[in-house]
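Trainee: Starting from these lines, generate the structure:
(chains A, B, C and D)
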There are 4 protein chains.
Amino acid sequence: MTAVAEMLRTYPKDLGGVDQAKLSACIEACLDCAQTCTACADACLSEDMVAELTKCIRTCTDCSDVCDTTFRVLSRHTGYDANLTRAVLEACVAACKACGDECAQHEMSCVPVLAAQYSRCGFRLRSNG
Amino acid sequence: MTAVAEMLRTYPKDLGGVDQAKLSACIEACLDCAQTCTACADACLSEDMVAELTKCIRTCTDCSDVCDTTFRVLSRHTGYDANLTRAVLEACVAACKACGDECAQHEMSCVPVLAAQYSRCGFRLRSNG
Amino acid sequence: MTAVAEMLRTYPKDLGGVDQAKLSACIEACLDCAQTCTACADACLSEDMVAELTKCIRTCTDCSDVCDTTFRVLSRHTGYDANLTRAVLEACVAACKACGDECAQHEMSCVPVLAAQYSRCGFRLRSNG
Amino acid sequence: MTAVAEMLRTYPKDLGGVDQAKLSACIEACLDCAQTCTACADACLSEDMVAELTKCIRTCTDCSDVCDTTFRVLSRHTGYDANLTRAVLEACVAACKACGDECAQHEMSCVPVLAAQYSRCGFRLRSNG
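Mentor: Below you'll find the predicted structure:
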């Protein structure tokens, strides 16, 4: 059992019938994506062709920030607000899509790692929403 | 001229016809709201009636995180992506609304400060979107 | 191989003799700690005895923010600055220690999960510094 | 009176003799610096000479993250921990110094704005520590 799943299991109040396995997977995907995007933006900055990668750097930086806020919102259950959660999930799906589309146009070694993250994160967010 | 407006003015490429005064006001509203919400969540935590303020604390904490990501996304202009920006603005409006509605139910001294922030932030985001 | 380790492996320039396994473990510990602390602060907020847990909630929230910034700084390698990195690592060790000391005084079910995270995060940061 | 100062004034418990004017100025400096650094990193990314500005972009991005966490920690007063606060302030002074030193080597139009921010932020943090 991951730490994310263990923290969910020890929450002191009722989680309102949420699918804990799906929610854990979703939080983990956001965490991973936040880190991968930060690392990707930095790796692009060190490429010789950095001038061709500026949109990629920007989109990855945005995506990292959005995934970061998303894992935080999804990790809180007290005083749950469905409208807020849904809007944050939609922003995260939009960020992952923008980032995935942009990165797919480049042939760098991090693309497969990133593609797996975006697709996992976007899929999990959608199936959870 | 504020630092936010000065940084906008010195951006080296074309900003694509954006209304710089509106955008600056919007970024400043998000910054202020991020700080006010963090301070409000902490002030509520020190109230004797903290047990009645848990939803307020949670909503303020979420709103702070969302406003934080929003000021960052709005402060970047390279490789602009309209879909991503719109989704982030919508999440921010939802967070400000949830927070404003919740805080309005309590009679604490910070409520007028907060109410001004949410309404300013929500209004500016909507008029900018 | 984790995504963190894969991203390190694909970095396009020389990493300057850094121990990649240690650095990956350190980034992962910060990521996990950021999430666990956010979840712990929220779980405490839903405890009936929330009024006795306010210092715990505050320290966990700070620790989450500090670990979040730390995983971001450690995930960047371009233009490395040793003084900045060291100061951020020290702040992170201080946050993990404050949080671990505070949480150890309570007997909630999340304490063992948290204790493992703080100690792992603090240890890895120190051995990496 | 700024919103930061008003929120401080409405804090429900004793602030322990802190100089409220200095603390407000310090929080505001961190907020401004977080935004300016995000905008500077993005502006550098759009310069034709981006390949010569990669260290500047990285240092600004780190500085923005550290200032962001610092304004959050300084905005909380419940369960104050002096060791944690001091370590975070030191990380923030180190980040502002690294960023100020790096940016001073370039002759772009944002440098005076940034220089004012770093120096204000570093000075206020030191005088507050």
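Trainee: How much space separates the residue nearest the centre of chain A from residue A:36?
Mentor: Geometric centre of chain A, nearest residue: residue A:30, 2.9 Å, by C-alpha atoms, centre = their mean. Distance, residue A:30 to residue A:36, using C-beta to C-beta, to the nearest Å: 11 Å. Heads up, the C-betas are built off the backbone N, CA and C, glycines and all.
Trainee: Name the residues of stretch A:44-57 that are buried.
Mentor: Using 16 or more other C-beta atoms under 10 Å in any protein chain shown as the burial criterion, the residues of stretch A:44-57 that qualify are A:44-47, A:50, A:53-57.
Trainee: hmm, it touching chain D?
Mentor: Yes. Using C-beta under 8 Å from any C-beta of the partner chain, stretch A:44-57 reaches chain D at A:45-46, A:48, A:50-51, A:54, A:57.
Trainee: ok so, going back, ok, which of the buried residues of stretch A:44-57 also contact chain C?
Mentor: A:45-47.
Trainee: Please identify the one among these that lies nearest to residue A:5.
Mentor: Distance to residue A:5 across those (C-beta to C-beta) is lowest for residue A:45, with 34.6 Å.
Trainee: Isn't the closest one up against residue D:54?
Mentor: Yes. Residue A:45 is within contact range of residue D:54, at 4.9 Å (criterion: C-beta atoms under 8 Å).
Trainee: between these two, what contacts are shared?
Mentor: Common neighbours of residue A:45 and residue D:54, counting by C-beta atoms under 8 Å, 6 or more residues apart in numbering or on different chains, are residue C:78.
Trainee: Now residue A:95: which helix or strand?
Mentor: Per DSSP states H and E: residue A:95 is located in helix A:82-103.
Trainee: again with residue A:57
Mentor: In this assignment (DSSP H and E), residue A:57 forms part of helix A:54-74.
Trainee: right, is that helix up against chain B?
Mentor: Yes. For helix A:54-74 and chain B, the contact criterion (C-beta under 8 Å from any C-beta) is met by A:54-59, A:61-62, A:65-66, A:68-69, A:72-73.
Trainee: which helices and strands sit right next to that helix?
Mentor: Counting contacts by 3 or more C-beta pairs under 8 Å, 6 or more residues apart in numbering or on different chains; DSSP states H and E, helix A:54-74 packs against helix A:20-45, helix A:82-103, helix A:111-128, helix B:54-74, helix B:82-103, helix C:20-45, helix C:54-74, helix D:20-45.
Trainee: near chain B at all, the first one?
Mentor: No. On the criterion C-beta under 8 Å from any C-beta, helix A:20-45 is out of touch with chain B, staying 10.9 Å away.
Trainee: Show me what that helix is packed up against.
Mentor: Applying 3+ C-beta pairs under 8 Å, 6+ apart, one finds that helix A:20-45 contacts helix A:3-9, helix A:54-74, helix A:82-103, helix A:111-128, helix C:3-9, helix C:20-45, helix C:54-74, helix D:54-74.
Trainee: So for it, what gets flagged as buried?
Mentor: A:23-45.
Trainee: when you compare where that helix runs with where helix C:20-45 runs, what's the angle?
Mentor: Helix A:20-45 and helix C:20-45 meet at an angle of 140 degrees, taking axes from the mean of the first three to the mean of the last three C-alpha atoms, to 10 degrees as the criterion.
Trainee: same question for helix A:20-45, mean pLDDT?
Mentor: The pLDDT scores in helix A:20-45 average 92.
Trainee: Ok, the shortest one next?
Mentor: Per-residue confidence for helix A:111-128 averages out to 68 on the pLDDT scale.
Trainee: ditto for the fifth one
Mentor: Taken as a whole, helix B:82-103 carries a mean pLDDT of 90.
Trainee: relative to helix A:82-103, how tilted is that helix?
Mentor: Using the same axes, to 10 degrees: helix B:82-103 against helix A:82-103 is 160 degrees.
Trainee: about what we covered before: dump the buried residues of stretch A:44-57 into JSON lines; add distance to residue A:11 as well.
Mentor: Converted to JSON lines, the buried residues of stretch A:44-57 look like this (distance: C-beta to C-beta, whole Å):
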{"residue": "A:44", "distance to residue A:11": "38"}
{"residue": "A:45", "distance to residue A:11": "39"}
{"residue": "A:46", "distance to residue A:11": "41"}
{"residue": "A:47", "distance to residue A:11": "43"}
{"residue": "A:50", "distance to residue A:11": "44"}
{"residue": "A:53", "distance to residue A:11": "41"}
{"residue": "A:54", "distance to residue A:11": "42"}
{"residue": "A:55", "distance to residue A:11": "40"}
{"residue": "A:56", "distance to residue A:11": "38"}
{"residue": "A:57", "distance to residue A:11": "37"}
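Trainee: roughly how far apart are the residue of chain A positioned farthest from its centre and residue D:24?
Mentor: For chain A, the C-alpha lying farthest from the average C-alpha position belongs to residue A:48; by C-alpha atoms, centre = their mean, that distance is 27.6 Å. Going from residue A:48 to residue D:24 by C-beta to C-beta gives 46 Å.
Trainee: again with residue A:97
Mentor: Residue A:97 is 41 Å from residue D:24, by C-beta to C-beta.
Trainee: One more: residue A:83?
Mentor: For residue A:83, the distance to residue D:24 equals 33 Å [C-beta to C-beta].
Trainee: ditto for residue A:36
Mentor: 38 Å.
Trainee: sec struct for the residue farthest from the centre of chain A, please.
Mentor: coil (DSSP: H, G, I helix; E, B strand; the rest coil).
Trainee: for it, phi and psi?
Mentor: Backbone dihedrals for residue A:48, given as degrees, to the nearest 10, come out at phi -60, psi -30.
Trainee: Pull the contacting residues for it.
Mentor: Shown in contact with residue A:48 (C-beta under 8 Å, 6+ apart): C:12, D:51.
Trainee: isn't residue A:36 right next to residue A:121, touching?
Mentor: No. Between residue A:36 and residue A:121 there is no contact under C-beta under 8 Å: 9.3 Å.
Trainee: so how many other residues sit close to the residue lying closest to residue A:66 once chain neighbours are set aside?
Mentor: Once flanking residues are discounted, residue A:66 sits nearest to residue A:95: 4.0 Å by C-beta to C-beta, 6 or more residues apart in numbering or on different chains. As a burial measure, residue A:95 scores 32 neighbours (other C-beta atoms under 10 Å in any protein chain shown).
Trainee: now swap in the one 3 residues further on and tell me
Mentor: When neighbours are defined as other C-beta under 10 Å, residue A:98 has 25 of them.
Trainee: do you know how far it is from chain D?
Mentor: Residue A:98 is 16 Å from chain D, where distance means C-beta to the nearest C-beta, to the nearest Å.
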